[in-house]
Every structure is written in structure tokens, then in C-alpha cells.
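1. generate coordinates for the sequence data below:
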Amino acid sequence: MHGVKRFGIRGKFSPRYIGPYEILKWIGPVAYKLALPPKLAGVHNVFHISNLCKYFRNSSHVLEYESVELHEDASYEEFSVSILAREERKLRNRTIPFVKE
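-> The predicted model follows:
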């Protein structure tokens, strides 16, 4: 994406393009709707093609994934990789632990 002024540094040292982002929908002959991350929530997600550049496949951009084992009833087991934040909230006379994973 090119020409949007909300991506940090302004002026000469600002990045020309950011991304790559997945194309969700073709809006018209010259516009695309993109899947933007939450940190870009203030930016409208439809862009003119003049603001986009072609993505050339790079083998370092391929993501590896772990397969999920499904049980016969289509359920699966979840496990935590790491705990990001922990706090306790008080609700009337009870204390409820909250864990962000």
C-alpha cells in the first residue's frame, strides 16, 4: 500500500509500501478490499490499485503450521503456548482470575 500517511515516520524516511496483506474482495475494476491487522484499524481497508504493488512470491514468506488432531466428534484439545498477561478482577464478593493467552 502506498500513499497513506498513518504508518509511522513521515517524509523522506517513511516506508514506500507496507505489507503484504491478503486481498479479501475485488470491489471494482480499480479497487480491492484488504485484510489489515488490528494495528491499522484506523485505516480504511479499500485501496485503489495505484496504491498497491504486485507481490512476488518469496520462499522465506511461507509459514509452517501444525496439523490439528480431530476426534470423532469433531472436537480438539487446546493448549497454551504462553501466558501474556494475568490479573484478578473483583466482582461483588468474588475474585475472578483472568489469563490472556
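2. just give me the neighbour total for Val43.
-> Val43 has 14 neighbours, counted by other CB atoms under 10 Å. Bear in mind the C-beta positions are built from the backbone N, C-alpha and C, glycine included.
3. which secondary structure element contains it?
-> Val43 belongs to no helix or strand when assigned by DSSP states H and E.
4. tell me if I'm right that it and Pro37 touch.
-> No - contact between Val43 and Pro37 fails when scored by CB atoms under 8 Å: they sit 10.1 Å apart.
5. low pLDDT regions in this protein?
-> By pLDDT under 70, the low-scoring segments of the chain are 1-10.
6. can you tell me the closest non-neighbouring residue to the residue nearest to the spatial centre of it?
-> Taking CA atoms, centre = their mean, the centroid of the chain lies closest to Pro37, which sits 3.2 Å from it. In this structure, Pro37 finds its nearest non-sequential neighbour in Tyr21, 8.0 Å apart by CB to CB, 6 or more residues apart in numbering.
7. OK, contacts around the one you found?
-> Tyr21 is in contact with Met1, Leu34, Ala35, Leu36, Pro37, counting by CB atoms under 8 Å, 6 or more residues apart in numbering.
8. now swap in Glu69 and tell me
-> Tyr76, Glu77.
9. what strand or helix carries it?
-> Under the criterion DSSP H and E, no helix or strand holds Glu69.
10. my read: Leu70 touches Tyr76, true?
-> Yes - using CB under 8 Å, Leu70 is in contact with Tyr76, at 5.6 Å.
11. which of the residues in stretch 24-40 are buried?
-> Neighbour counts over stretch 24-40 (16 or more other CB atoms under 10 Å) mark Tyr32, Leu34, Leu36, Leu40 as buried.
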